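**Student:** sequence below, structure please.
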Amino acid sequence: MGRLMWLYNNDSIKKKRKKKWCRYIGLKFIISKTVMKMEVCRATSISWANSISPPHHFPQTSTVWKFQRMTTFCVRSSQKQGDEMIVSVTGATGFIGKRLVQRLHADNHRVRVLTRSKSKALSIFPVRDFPGLIIAEEAEWRNCIQGSTAVVNLAGLPISTRWSPDIKKEIKESRIKATSKVVDLINGSQNERRPKVLISATAVGYYGTSETRVFDEQSPSGNDYLAEVCREWEASALRVDKDVRLALIRIGVVLGKEGGALAKMIPLFMMFAGGPLGTGKQWFSWIHVDDLVNLIYEALSNPSYKGVINGTAPNPVRLSEMCDQLGSALGRPSWLPVPDIALKAVLGEGACVVLEGQKVLPKRAKELSFSFKYPYIKDALRSIMS
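**Tutor:** Numbers count the residues shown, from 1 in each chain. Below you'll find the predicted structure:
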């Protein structure tokens with residue numbers, strides 16, 4: 001009898017010790033008849049809803065804790081930390097950059113905004129809404145780029161303005177200088193602190209203009225001013241260290257309510273003054289801002305995204321069709337064409353941006369199986385206007 005009592009007491013002690021030990025390591029078990037859910041305290045929550053029926057397959061790094069009549073798997077969660085990116089972004093206060101920063105921050109990546117105006121960046125990304133976001137002016141760019149996982153370069157003066165000789169010079173230099181600075185800082189980083197990826201913006205203006213030709217990533221460059229800007233812009237990015245994966249995104253006309261060409265067209269249509277610009281026959285190679293952000297986001301983490309990738313939707317349209325669809329989405333007619341002479345009077349040489357176009361196809365993105373959320377202009381405009 002004394003022997004049995006000793007065994008009983010010994011088992012009780014063991015059970016108490018196990019109970020205290022489980023509390024100590026922070027494991028809480030909730031077990032029903034067929035379902036087990038495990039929550040790991042003081043770490044990222046991991047949960048399963050699986051039937052408790054072997055065999056279970058987990059990575060070899062899993063640690064297995066055995067209890068009486070039950071085997072529980074405690075997996076050390078390193079996936080979230082391992083997938084976290086540190087991304088430095090130039091042009092972050094622009095139309096595309098703002099949306100990219102919002103997406104990265106929402107997905108718990110660490111973002112470093114490289115800017116020339118800290119006050120402007122803080123007004124766009126207030127601390128209360130973007131905790132942990134780093135905003136750095138030019139003198140601090142080096143420290144931000146070193147140790148980043150990747151850099152996204154979107155900097156450049158907008159081209160939708162009247163072109164004077166000084167403006168044309170600034171359009172080119174703003175892109176080349178920013179890209180060269182980023183590349184120099186990447187190349188000057190120590191190997192272990194050098195970013196592994198550079199996503200650098202360029203534009204479909206690289207191809208020149210045509211009403212009849214179709215362009216993809218293999219097409220040669222054009223011979224006008226914007227083609228020259230894009231060639232030099234891309235050449236600056238191509239100087240990056242060979243061990244850095246480089247993706248050059250040739251961006252078309254980006255559609256969104258908050259900026260870009262569409263933001264300037266909507267007020268005209270709302271006043272019943274909308275219509276095609278010039279002949280309306282020029283090609284309009286467009287992309288929804290969400291698709292462009294998704295393309296850049298995918299390029300950050302997918303090693304297959306390298307070299308030139310056209311950032312355009314798979315179904316470009318003539319400008320007259322785009323205006324018809326915009327009028328339909330707004331419930332306004334597209335009846336008042338804007339003649340060439342009026343645009344040239346307002347924009348000067350810069351009118352070529354809207355009076356001439358090119359039909360550009362995203363051949364490489366399709367080869368990479370990138371999924372466009374908005375492949376058709378009608379759906380893209382309806383989603384923006386809704």
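
**Student:** burial count for Ile251?
**Tutor:** 22 (other CB atoms under 10 Å). Bear in mind the C-beta positions are built from the backbone N, C-alpha and C, glycine included.

**Student:** wouldn't Asp162 be in contact with Gly348 here?
**Tutor:** If you look again at residue 162, you'll see it is Arg, not Asp. Yes - assessed by CB atoms under 8 Å, Arg162 is found in contact with Gly348 at 4.8 Å.

**Student:** so Lys366 sits against Pro314, correct?
**Tutor:** Yes - judged on CB under 8 Å, Lys366 makes contact with Pro314 at a distance of 6.6 Å.

**Student:** give the contact list for Asn315.
**Tutor:** 375-377 (CB atoms under 8 Å, 6 or more residues apart in numbering).

**Student:** and Lys169, by the same measure?
**Tutor:** No residues are in contact with Lys169 under the rule CB under 8 Å, 6+ apart.

**Student:** same check on Arg194?
**Tutor:** Arg194 neighbours (CB under 8 Å, 6+ apart): 146, 186-187, 241, 243-244.

**Student:** now the helices for this structure?
**Tutor:** Secondary structure of the chain, counting by DSSP state H: helices at 2-25, 79-83, 95-106, 118-124, 141-145, 165-187, 225-237, 260-270, 289-301, 319-330, 340-347, 352-355, 363-367, 377-385.

**Student:** of those helices, which is nearest Asn153?
**Tutor:** Closest approach to Asn153 among those is made by helix 165-187 (5.1 Å; CB to CB).

**Student:** how much does that closest one deviate in direction from helix 225-237?
**Tutor:** Orientation check (axes from the mean of the first three to the mean of the last three CA atoms, to 10 degrees): helix 165-187 against helix 225-237 gives 20 degrees.

**Student:** run the chain-centre distance for helix 165-187.
**Tutor:** Centroid separation for helix 165-187 versus its chain: 21 Å, with CA atoms, centre = their mean, to the nearest Å.

**Student:** can you dump the C-alpha atoms of it in CSV for me?
**Tutor:** Provided in CSV are the C-alpha atoms of helix 165-187 (Å, rounded to 0.1, in the frame of the first residue of the first chain):
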residue,chain,number,x,y,z
PRO,A,165,14.4,74.5,-72.2
ASP,A,166,15.0,74.7,-68.4
ILE,A,167,12.1,72.4,-67.7
LYS,A,168,13.4,69.8,-70.3
LYS,A,169,16.8,70.0,-68.6
GLU,A,170,15.3,69.4,-65.2
ILE,A,171,13.1,66.5,-66.4
LYS,A,172,16.2,64.7,-67.5
GLU,A,173,18.5,65.7,-64.7
SER,A,174,16.0,65.0,-61.9
ARG,A,175,15.8,61.3,-63.1
ILE,A,176,19.5,60.8,-63.9
LYS,A,177,20.9,62.5,-60.8
ALA,A,178,18.5,60.6,-58.4
THR,A,179,19.2,57.3,-60.1
SER,A,180,23.0,57.9,-60.1
LYS,A,181,23.0,58.8,-56.5
VAL,A,182,21.1,55.7,-55.5
VAL,A,183,23.3,53.5,-57.6
ASP,A,184,26.5,55.0,-56.1
LEU,A,185,25.2,54.5,-52.6
ILE,A,186,24.3,50.9,-53.3
ASN,A,187,27.7,50.2,-55.0
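
**Student:** next, the buried residues of that helix.
**Tutor:** Residues of helix 165-187 classed as buried by neighbour count (16 or more other CB atoms under 10 Å): 167-168, 170-172, 174-176, 178-183, 185-186.

**Student:** next: stretch 84-103.
**Tutor:** 85-103.

**Student:** cool, and stretch 363-378?
**Tutor:** 363-365, 368, 370, 372, 374, 377-378.

**Student:** what would those residues look like in a markdown table with distance to Glu211 and pLDDT?
**Tutor:** Conversion of the buried residues of stretch 363-378 to a markdown table gives the following (distance: CB to CB, whole Å; pLDDT from 0 to 100):
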| residue | distance to Glu211 | pLDDT |
| --- | --- | --- |
| Lys363 | 20 | 98 |
| Arg364 | 24 | 98 |
| Ala365 | 24 | 98 |
| Leu368 | 29 | 98 |
| Phe370 | 27 | 98 |
| Phe372 | 24 | 98 |
| Tyr374 | 24 | 98 |
| Ile377 | 18 | 97 |
| Lys378 | 22 | 97 |
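
**Student:** show me which of those is closest to Asp340.
**Tutor:** Using CB to CB, the buried residues of stretch 363-378 come closest to Asp340 at Ile377, 23.1 Å.

**Student:** ok, that closest one touching Ser328?
**Tutor:** No - using CB under 8 Å, Ile377 is not in contact with Ser328, being 10.5 Å away.

**Student:** show me what contacts Asp184?
**Tutor:** No contacts exist for Asp184 under CB under 8 Å, 6+ apart.

**Student:** now do the same for it: its pLDDT.
**Tutor:** Per-residue pLDDT puts Asp184 at 98.

**Student:** go on, Met270?
**Tutor:** The per-residue pLDDT reported for Met270 equals 85.

**Student:** OK, contacts around it?
**Tutor:** So Met270 contacts 330, 332 (CB under 8 Å, 6+ apart).

**Student:** how much space separates it from Gly331?
**Tutor:** Distance, Met270 to Gly331, using CB to CB, to the nearest Å: 10 Å.
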